[in-house]
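K.L.:
When you get a sec, could you give me coordinates for this:
(one chain, ligands or ions: 1)
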Amino acid sequence: MKIPKTHPRYKSLLQREKLIEGVENGVTATAGLIAQGRGEAFDYLIGERTTENARKAIRAAVAKLLLAKHPVLSINGNVAMLAPDDYIKLGEVLDAPIEINLFYKTPERVDAIKALLHEHGCKNLLFGDNTRIPTESARGFVDSRGQGIADVVLVPLEDGDRTEALKKAGKFVIAIDLNPLSRTARKADITIVDNIVRALPLMIKYAEGYKSRGVPNIEFNNRENLMGAIALIKERLADETILD
Ligand code: ATP
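P.N.:
The predicted model follows:
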């Protein structure tokens, strides 16, 4: 479907189209469409923009990733469709591998994501499942060269069980999740409450800046930051001009 650029919901519709394409070519699970829908609802509530709160989390996350010994960027079918180029670029700037980790894992989906990322120029890609993190599900299998040895893991659009498992395995977890109430958002050490398509370019920008000027030591309290996101939503909903 061709979406005119002038459409008021152009950016959001474009993301939907990409995910539908992802389902058609086997990259995205159908449940990924539901996850995006849930994200969109929260995006409306925060005003479809990167809040100052999210920027604070982005700065803290980037500094942590740059200071990590073994940073790893986890990728699933939604991320692969929504922002492959920015995700690959972020991996390059941070010198971190990208590891495919899927909730609905099939060899075909892994192959489809691999092919897509290679097409987009990804050179540092992991997809093994030869070691475990503590969780009951098949998702406990990770790559021994990636999340198996990682000290800091970026998990965009992740579910709560895996976030918890990564925490149990002693990892520092950074989430990107539009829902400040999700289990992932609450369990992660740093949660960036923003749409991944807006957050990634900023993460790249801060990473490049910190690499040339030095990495700051940033104090961050995730609970406080999530409360800030919730307060902003409450404030917006209480504003009588919200429908104008
Ligand atoms: P949890 O188990 O953590 O409570 P969940 O059951 O909602 O979460 P999923 O549906 O797997 O788990 O989660 C996907 C998460 O990603 C949702 O919380 C959703 O808000 C968020 N999300 C979806 N699309 C985007 C996007 N484009 N950018 C950022 N976050 C998104």
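K.L.:
Going by C-alpha atoms from here, please, whenever you check contacts or count neighbours.
P.N.:
Noted.
K.L.:
can you map out the strands along the chain?
P.N.:
Per DSSP state E, the chain carries strands over the ranges 71-75, 98-100, 125-126, 131-132, 141-142, 152-156, 172-176, 190-192.
K.L.:
Pick the most buried one from those strands.
P.N.:
Highest mean neighbour count among these (mean count of other C-alpha atoms under 10 Å): strand 190-192, with a mean of 30.
K.L.:
Now for the spatially most central residue of the chain: which residues touch it?
P.N.:
The centre of the chain sits closest to P156, judged by C-alpha atoms, centre = their mean, with a distance of 1.9 Å. The contact partners of P156, taken as C-alpha atoms under 8 Å, 6 or more residues apart in numbering, are 74-75, 79, 174-177, 196.
K.L.:
So what are the sheet partners of the helix or strand of the chain with the lowest mean pLDDT and their directions?
P.N.:
The weakest-scoring helix or strand in the chain, judged by mean pLDDT, DSSP states H and E, is strand 131-132 (a mean of 85). Partner strands and pairing direction for strand 131-132 (DSSP bridges) are strand 141-142 (antiparallel).
K.L.:
Return the distance of the partner strand from the chain's centre.
P.N.:
Distance of strand 141-142 from the chain centroid (C-alpha atoms, centre = their mean, to the nearest Å) equals 18 Å.
K.L.:
quick one on the thing from earlier: report the distance from the least confident helix or strand of the chain to the chain centre.
P.N.:
Its chain's C-alpha centre and that of strand 131-132 lie 22 Å apart, by C-alpha atoms, centre = their mean.
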